[in-house]
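> Got a sequence here, can you build the structure:
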Amino acid sequence: MLAATAETIHATPLVAKMRTRVQADLPPLVDAIDTGELYPADFLRGIGDLGAFATFCDAAGGEMPADIDLNPAIDAMSEVSEICGATGFMVWCQNALVWYIANSDNAALKDKLLADSANARKLGGTGLSNPMKSFFGIEKMRLKGARVEGGYTVRGALPWVSNIGPDNVFGTIFELPDGKKVMFVADCADPAVELMDCDPFLAMDGTGTYGVNFKGAFIPDDMVIAHDAMPFVKKIRAGFILLQAGMAIGIMRDCIEIMQKMRPGLGHVNKYLAGQQPEDFARTLDEIGAEVRTLAATPYDASDAYWRRVVDARLQAGDATMACAHAAMLHTGARGYMKSHRAQRRMREAYFVGIVTPATKQLCKMLADIDA
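You can find the predicted model right below:
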């Protein structure tokens, strides 16, 4: 590993345990995850036992610490993403679920799900792609709800929700007739919550991604994250976005290593790829890592200036990940174009960082809206 990437590697006890577990258990699974033959539930539960999803809350389901720092979660995620971007994405999904529940004021929800989700006994994800797009005028809300005794009923369909399965849960948002938004946890075991297979993706097929159809599903009050979702989303939005940096940092580290490994045989010609050398990307990674580290230490900062920095940092991370993976492909040449080489997989995974909500184009729109 280049010394210049030290800014993005932090030798905490959790990172050390994660690195040992990840490097021993994940590499044999990567190809099956990439092709959709395997959803790595056992691996996710295993790193849950290490504390990967309990870095910003009490894994026993207790109170949130006074000073929330998302860096340990990002560091742990980057260890996974350095080996497999798809699994890193699932780690983000699980962290997002825990982030929602841990920040809720609903004590009944916390008693029911926080400890199990923080320990990965209950796996799950997030269905905020459509709501997040709707908040910025890109899409209309797909889920509609109505208040009934003891909770709500929900109808509508989400095209893609990840890290779910028949026994999993996920957080999402529906809209009431008066326009008010409600955030809740959906239980995939509910017969009125139908999981639908998706067409194959370019990558990420092992991520437990399904379309979800709500057929008048009853959502009890003890599964509601926030009866008024908009103030809650403003509270958790920075964490939602910053946690994704773990995917970008891990993929970039591996792409830099791929480029380095090409030097003995191809360095004499790769040196002509101006501005696309491993040292160039190591510097970029350090800059992004330092900004993310600063921002992730204060995820509840409500200032407009902070929010703009968060959006910009996420945009820079996505752009840099795609550029770094592109360079890794050029450095490897024809061998990287083979299905057996990880360079082509890293490129496909890197594009997902630019596409996953908030996508590159949405981030650009968000910055334009902020500046306007």
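
> what bridges to residue 147?
Counting by DSSP bridges, residue 147 forms beta bridges with residue 152.

> Distance check, residue 26 against residue 123.
Applying C-beta to C-beta, to the nearest Å, one obtains 16 Å for the distance of residue 26 from residue 123. Yep, even glycine has a C-beta here, placed from its N, CA and C like the rest.

> the more surrounded of the two?
Summary of the neighbour comparison: residue 26 and residue 123, criterion other C-beta atoms under 10 Å, with residue 123 having more neighbours (26 against 21).

> show me what contacts that one?
Listed by C-beta atoms under 8 Å, 6 or more residues apart in numbering, the contact set of residue 123 reads 41, 44, 45, 94, 117, 163, 164, 165, 167, 168, 208.

> ok, now residue 114?
Residues counted as contacts of residue 114 (C-beta under 8 Å, 6+ apart) are 57, 61, 98, 101, 102.

> among those, which one has the lowest pLDDT?
Sorting the contacts of residue 114 by confidence puts residue 61 at the bottom, with a pLDDT of 60.

> Name the single longest helix found in this protein.
Ranked by number of residues, the top helix in the chain under DSSP state H is helix 304-332.

> is it true that residue 344 touches residue 329?
Yes: because the distance of 6.7 Å satisfies C-beta atoms under 8 Å, residue 344 is recorded as touching residue 329.

> any shared contact partners between the two?
Taking C-beta under 8 Å, 6+ apart as the contact rule, residue 344 and residue 329 both touch 336, 337.

> which ones among the contacts of residue 123 are found in helices?
Secondary structure assignment (DSSP H) places 41, 44, 45, 94, 117 from those within helices.

> Any idea how many residues pack against the residue nearest to residue 312 when sequence neighbours are not counted?
With sequence-adjacent residues excluded and distances taken as C-beta to C-beta, 6 or more residues apart in numbering, residue 312 is closest to residue 367, at 6.4 Å. As a burial measure, residue 367 scores 14 neighbours (other C-beta under 10 Å).

> ok, residue 367 - contacts?
Residue 367 makes contact with 308, 311, 312, 315, according to C-beta under 8 Å, 6+ apart.

> Now do the strands in the stretch 201-350 of the chain.
Listed in chain order, the strands of the stretch 201-350 of the chain (DSSP state E, counting those that start in this stretch) span 210-220, 224-226.

> can you list those in TSV and add distance to residue 158, mean pLDDT and mean neighbour count?
Written out in TSV, the entries for the strands of the stretch 201-350 of the chain read as follows (distance: least, C-beta to C-beta, whole Å; pLDDT from 0 to 100; neighbours: other C-beta atoms under 10 Å):
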stretch	distance to residue 158	mean pLDDT	mean neighbour count
strand 210-220	5	98	18
strand 224-226	16	98	22
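
> Distance check, the residue lying closest to residue 336 once chain neighbours are set aside against residue 114.
Sequence neighbours aside, residue 343 is the residue nearest to residue 336 in space, at 3.4 Å (criterion: C-beta to C-beta, 6+ apart). Applying C-beta to C-beta, the value for residue 343 to residue 114 is 40 Å.

> again, but for residue 307
Note on residue 307: its distance to residue 114, by C-beta to C-beta, is 26 Å.

> same deal with residue 246?
Taking C-beta to C-beta as the criterion, residue 246 is separated from residue 114 by 21 Å.

> Show me where the chain dips below the pLDDT cut-off.
1-11, 59-63, 66 (pLDDT under 70).

> Helix or strand: which one has the spatially most central residue of it?
The centroid of the chain falls nearest to residue 92 when counting by C-alpha atoms, centre = their mean (3.2 Å). Element membership of residue 92, judged by DSSP states H and E, is helix 85-103.

> okay, the angle between that helix and helix 304-332?
In terms of direction (axes from the mean of the first three to the mean of the last three C-alpha atoms, to 10 degrees), helix 85-103 departs from helix 304-332 by 160 degrees.

> and the next element down the chain from helix 85-103?
helix 107-109.

> can you pull the buried residues of that next one?
Judged by neighbour count using 16 or more other C-beta atoms under 10 Å, the buried positions of helix 107-109 are residue 109.

> repeat for stretch 117-131
For stretch 117-131, the neighbour count (16+ other C-beta under 10 Å) marks 117-120, 122-131 as buried.

> Helices - which of those residues land there?
Assignment to helices by DSSP H places the following of these there: 117, 118, 129, 130, 131.

> Columns distance to residue 53 on top of the residues you listed, output as TSV?
Supplementary listing: these in TSV, determined by distance: C-beta to C-beta, whole Å:
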residue	distance to residue 53
117	7
118	5
129	21
130	24
131	22
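
> closest to residue 189 among these?
The shortest gap between residue 189 and any of these belongs to residue 117, at 14.7 Å (C-beta to C-beta).

> Distance of residue 45 relative to residue 285?
30 Å.

> Look at the two and report which has more neighbours.
Taking neighbours as other C-beta under 10 Å, residue 45 and residue 285 compare with residue 285 leading, 26 against 14.

> and the closest residue to the more buried one other than its chain neighbours, how many residues sit next to it?
With sequence-adjacent residues excluded and distances taken as C-beta to C-beta, 6+ apart, residue 285 is closest to residue 252, at 5.0 Å. Residues near residue 252, counting by other C-beta under 10 Å, number 32.

> Would you enumerate the residues in contact with residue 252?
Under the contact definition (C-beta under 8 Å, 6+ apart), the residues listed for residue 252 are 281, 284, 285, 320, 321, 324.

> ditto for residue 366
Taking C-beta under 8 Å, 6+ apart as the definition, contacts of residue 366 comprise 136, 311, 358.

> try it again with 10 Å
Going by C-beta atoms under 10 Å, 6 or more residues apart in numbering, residue 366 touches 132, 135, 136, 241, 307, 308, 310, 311, 312, 314, 315, 358.
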